[in-house]
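> Test case, fold it:
(chains A and B)
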Amino acid sequence: MSATPHPLDLNVELVEQLLVRFLRIEARKFGFQRAILGLSGGIDSAVSAALAARAYGAEQVVGVMMPYRTSSPASEGDARTVAAALGIRLEKTDISSMADGYLSTMPDADRLRRGNVMARCRMIVLYDRSVPERALVIGTSNKTELLLGYSTQFGDAACALNPLGDLYKHQVWQLARHLGLPREVIDKPPTADLFEGQTDEGELGFSYAEADGILHALVDERRTVDEVVHLGWPRALVERIVTRMAANQYKRQPPLVAKLGERTVTHDFRYLRDWGR
Amino acid sequence: MTRVSLAQIEPALGDLRKNLALHEAEIATARAAGAQMIAFPELSLTGYFLKDLVAEVALAAGEGPLQRLAELSKDITIAAGWAERARDGRIYNTLGIFEDGKLIGAHRKVHLVTYGMFDEARDFAAGDRFRAIESKHGRFGVLVCEDMWHLDGMWLHFLAGVDALLACSASPARGVPAGEAQLRSQRTWNTIHDAAAALTQAHVLYVNRVGCEDGIVFGGGSRVVRPDGSEQARLEGLDAGRLVVDIDATLVRRVRTATPLRRDEKPQLVMRDLRALEDQGEL
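Here you go, the predicted model:
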């Protein structure tokens, strides 16, 4: 513990309490006591799994590794380390034949399309497996990722409950240390592992430290672009992040419904998701 | 001495039947603990983020659950919250006190909260007055959640000489910065309770709900603060529970004797200045 906390540091004990309650209460309302989630070997799914294990009990949580043939074998090793450390059950479904069954008919699909197909295959596996497991799908998208839209719609972003959605990447790392997750998972560079050598920061073109700092100033502290630049962030980067955040709003919303009648789903049919629970 | 139970419950969203049963169970527990009064959180009969459910769960005067609370109040005073449908069709976020088998008074939330995650002014009509409620246990000034964040209600209740501010909330937990032992939202609430108690020289009875609606966890943290601003009791954590406290009925008099704030208050000065500001178009 350093004397001066990072501005984004949280009281992780309280965060853990809140998130465990959230997972427990919301699952209970829908009649679930079990969770299933994709375990990639990365930090986000490790933290979600650790929270789920605390909320439901390790024996009630299923982690699923879903490698594609180009996925790094090291990721699988890390997923095994996480599952062993948490004591949760680990399953493996190789999505290569599933994804390739489709992709072989689409030889021109570029890296983005191929990555999206893989992410959506994983969604299909998790939602299908959740039925016999009688488990809710727990999400792993953090706030940085949600705000930047750095995820696949209906793919890795799909879930029933997301305990990480209000945590910046910095805070996910901080929580991971608090939860005692394996060092090697915390320390490795984040990657979507959709193609060889991919790293999040390489693909985004800026670091998580930059994204977190700028997003926090804009979103949480409600500073203007000029004010964020005045804090010392490069204007071009701030503007790029603002543009990206707005351009990806569609991923954070349900589909648009064309209004015709007096009362329309998503417009003026206003009930919580917890309606009747 | 009055023994009061603050019921930090987890109401179900939009389920009047389930919530009434929860009230009945809490009332029975309070009675068994020797309490003469029990207070529930804001919208305790309905749940909080109601949106379009407001119109579906709103209760007209004397409707079933309210009638039941009235019956239950024959040997214990009950403060509870519901969506009140007025005769003219307006629906209020109301907190009423039942005693000796009837509703003895109700406060319609004045400061509806409509920013950030809140949308109350869309779903409720705003109350337009702060009036003390006379109970056999003393004079109560009811403030519903955001009402406590404005000076007007607590000041008018101070002028009315209430013995206690009854502050009922459905306040979400938020703000978890490092270096703070508690939630930012709880710290702010505590600051307000302590100041309100010290400035009005009344007890503050704060009862907040717990549970979770669509990912929003309610912060609990119910508390009792004495008329000198010192904490008498609090509930730790975010779990359902109850705070049973004995309110010292002599304390208000003793604190006000030592420091006669009400005697030295200048409400006429405020009224003159308000009129002047209104004349200048600055209100």
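
> I'd say A:Thr70 and A:Glu196 touch.
Yes. Counting by CB atoms under 8 Å, A:Thr70 does reach A:Glu196; the two are 6.0 Å apart. Yep, even glycine has a C-beta here, placed from its N, CA and C like the rest.

> Now the phi/psi pair for the residue nearest to A:Gly41 when sequence neighbours are not counted, please.
Spatial nearest neighbour of A:Gly41, excluding adjacent residues (CB to CB, 6 or more residues apart in numbering or on different chains): A:Asp78 at 3.3 Å. The phi/psi pair for A:Asp78 (degrees, to the nearest 10) reads phi -70, psi -40.

> do B:Leu50 as well
Here B:Leu50 shows phi and psi, under degrees, to the nearest 10, equal to phi -80, psi -40.

> same thing with the one 5 residues further on?
Main-chain dihedrals, B:Ala55, degrees, to the nearest 10: phi -70, psi -20.

> same thing with A:Tyr127?
Per-residue torsions, A:Tyr127: phi -70, psi -40 (degrees, to the nearest 10).

> what do you get for B:Glu231?
Main-chain dihedrals, B:Glu231, degrees, to the nearest 10: phi -80, psi 130.

> Any idea how many residues pack against it?
Counted with other CB atoms under 10 Å in any protein chain shown, the neighbours of B:Glu231 add up to 14.

> Show the residue spans covered by the helices in chain B.
With helices called from DSSP state H, chain B shows them at B:16-32, B:53-57, B:64-72, B:120-123, B:151-159, B:184-200, B:251-258, B:261-264, B:267-279.

> Excluding chain neighbours, what is closest to the residue in the stretch 101-250 of chain B positioned nearest to chain A?
Here the stretch 101-250 of chain B gets closest to chain A at one residue, B:Ala178, 3.6 Å apart by CB to the nearest CB. Distances taken as CB to CB, 6+ apart put A:Asp9 closest to B:Ala178, at 3.6 Å, once the chain neighbours are dropped.

> what's the burial count for that neighbour?
Summarising burial for A:Asp9: neighbours were counted as other CB under 10 Å, giving 17.

> who's in contact with the lowest-mean-pLDDT helix or strand in chain A?
Sorting the helices and strands of chain A by mean pLDDT, DSSP states H and E puts helix A:200-204 at the bottom, at a mean of 92. With contact meaning CB atoms under 8 Å, 6 or more residues apart in numbering or on different chains, helix A:200-204 is reached by A:Leu148, A:Tyr150, A:Pro189, A:Pro190, A:Thr191, A:Ala192, A:Ser207, A:Tyr208, A:Ala211.

> related to what we said a few turns ago, close enough to count as contact, the residue nearest to B:Ala178 and A:Gln174?
Yes. Using CB under 8 Å, A:Asp9 is in contact with A:Gln174, at 6.0 Å.

> Which residue ranges of chain A form helices?
Ranges of helices in chain A, per DSSP H, are A:12-29, A:43-56, A:73-86, A:96-103, A:111-133, A:143-148, A:169-178, A:183-187, A:200-204, A:208-215, A:225-230, A:235-247.

> which of those has the lowest average pLDDT?
Among these, helix A:200-204 carries the lowest mean pLDDT, at a mean of 92.

> that older thread, buried ones in the least confident helix or strand of chain A?
A:Asp200, A:Glu201, A:Leu204 (16 or more other CB atoms under 10 Å in any protein chain shown).

> Extract the C-alpha set from that helix and format it as PDB.
Coordinates of each C-alpha in helix A:200-204 appear next as PDB, following Å, rounded to 0.1, in the frame of the first residue of the first chain:
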ATOM      1  CA  ASP A 200      -5.600  -4.500 -26.000                       C
ATOM      2  CA  GLU A 201      -3.300  -1.600 -25.800                       C
ATOM      3  CA  GLY A 202      -1.600  -2.300 -29.100                       C
ATOM      4  CA  GLU A 203      -5.000  -2.600 -30.800                       C
ATOM      5  CA  LEU A 204      -6.600   0.500 -29.100                       C
END
